[in-house]
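K.L.:
next come a sequence and a model predicted from it.
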Amino acid sequence: MKRVKLTVAYDGTAYNGWQAQKNGVTVEGVLNQALTDLLREPIAVIGASRTDAGVHALGNVAVFDTSARMPAEKISYALNQRLPEDIVVQDSCEAPPDFHPRRCRSKKTYEYKILNRTFPLPLARHDTYFFYRRLDIGRMRRAAAYLVGEHDFKSFCSVHTQAETTVRTVYGMDVEKTGDVITIRVTGSGFLYNMVRILAGTLLQVGTGALSPEDMPGVLAARDRKKAGPTAPAAGLTLTGIDFF
């Protein structure tokens, strides 16, 4: 028996998120079926991040145990032949038997992309959120600086969260613009349900002037979901990578 680690990229547009469920096609469910067919034994992967419906990934991580003789590094090649074109395993390797992607210490990085122009671009509709009102990048950057560090992010998570604590550490949060695309990049120890999308929605309000950068400490202190901005649409969000340490 060996434990195999997968690095998985996917376009989440057609999926009801990562986590397998009875009603709906998910990334985890497709991986489980393809691996079961390939290795001829029941396989259930464990994912590092259970991304929501419509959210994408460049480097989500999953592990599974198998008694198959196929070398771990060869599994990615064989598996990609069985996967749809919107899910591609970027790497497969053998991992220590006690490696668990949700229990190990890690840093996760997400990017939220906003297409900020007068009209949308059809080719950008899957991985960016179109926003026609002009956004002030300077204001958004100043607001983001207040959100870096260890804070109680209860104002920035869904009211449906089941987390034991809403305290999280954000190691870095940047706002960049290239052409018409604004990218909000955030790295943290872990994120609450919908947290990154709410952070993005709040920075959008700052960018339009509806909120001030200096409002951020008060929004954090309120621990009230109603004080933060709306939850930005899923399409603009991508899990770019996970670093374990």
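P.N.:
Yep, it's here.
K.L.:
ok, which stretches of this structure are strands?
P.N.:
2-10, 46-47, 56-66, 87-95, 106-115, 129-130, 149-152, 167-178, 181-188, 237-244 (DSSP state E).
K.L.:
what's the closest of those strands to residue 159?
P.N.:
Closest to residue 159 of the strands of the chain is strand 149-152 (CB to CB; 14.9 Å). Using the backbone N, CA and C atoms, a C-beta is placed for each residue, glycine as well.
K.L.:
what's in contact with the closest one?
P.N.:
For strand 149-152, contacts defined as CB atoms under 8 Å, 6 or more residues apart in numbering pick out 166-170, 220, 223.
K.L.:
mind doing that once more with 7 Å?
P.N.:
The contact list for strand 149-152 (CB atoms under 7 Å, 6 or more residues apart in numbering) reads 166-167, 169-170, 220, 223.
K.L.:
and what of stretch 9-27?
P.N.:
Contacts of stretch 9-27 (CB under 7 Å, 6+ apart): 28-29, 32, 47, 49-59, 86-88, 90, 126.
K.L.:
distance between the ends of it?
P.N.:
10 Å (CA to CA, to the nearest Å).
K.L.:
can you point out the buried residues in it?
P.N.:
Neighbour-count burial for stretch 9-27 flags 9-12, 15-18, 20, 26-27 (criterion: 16 or more other CB atoms under 10 Å).
K.L.:
do the same with stretch 103-121
P.N.:
106-116.
K.L.:
re earlier: among the strands of the chain, which is nearest residue 40?
P.N.:
Of the strands of the chain, nearest to residue 40 by CB to CB is strand 56-66, at 10.0 Å.
K.L.:
who does that closest one touch, helix- and strand-wise?
P.N.:
Packing contacts for strand 56-66, counted by 3 or more CB pairs under 7 Å, 6 or more residues apart in numbering; DSSP states H and E, involve strand 2-10, helix 27-39, strand 46-47, strand 237-244.
K.L.:
kindly recompute the last result at 6 Å.
P.N.:
strand 2-10, strand 237-244 (3 or more CB pairs under 6 Å, 6 or more residues apart in numbering; DSSP states H and E).
K.L.:
for the last one, packing partners?
P.N.:
It stands for strand 237-244. strand 56-66, strand 106-115.
K.L.:
ok, residues contacting that strand?
P.N.:
Contacts to strand 237-244, defined as CB atoms under 6 Å, 6 or more residues apart in numbering, come from residues 48-49, 51, 55-61, 104, 106-112, 197.
K.L.:
how about 7 Å then?
P.N.:
48-49, 51, 55-61, 104-112, 127, 196-197.
K.L.:
can you pull the buried residues of that strand?
P.N.:
In strand 237-244, counting by 16+ other CB under 10 Å, buried: 237-242.
K.L.:
cool, the longest one as well?
P.N.:
Of the residues in strand 2-10, those scored as buried under the neighbour-count criterion (16+ other CB under 10 Å) are 3-10.
K.L.:
and those, which is closest to residue 75?
P.N.:
Nearest to residue 75 out of the buried residues of strand 2-10 is residue 4 (CB to CB; 6.1 Å).
K.L.:
please name the nearest non-neighbouring residue to the closest one.
P.N.:
Spatial nearest neighbour of residue 4, excluding adjacent residues (CB to CB, 6 or more residues apart in numbering): residue 72 at 4.7 Å.
K.L.:
what about that neighbour, neighbour count?
P.N.:
Applying other CB atoms under 10 Å, we find 18 residues neighbouring residue 72.
K.L.:
report pLDDT for the residue of the chain positioned farthest from its centre.
P.N.:
When each C-alpha in the chain is compared with the mean C-alpha position (CA atoms, centre = their mean), residue 69 comes out farthest, at 32.6 Å. Here the pLDDT value assigned to residue 69 is 95.
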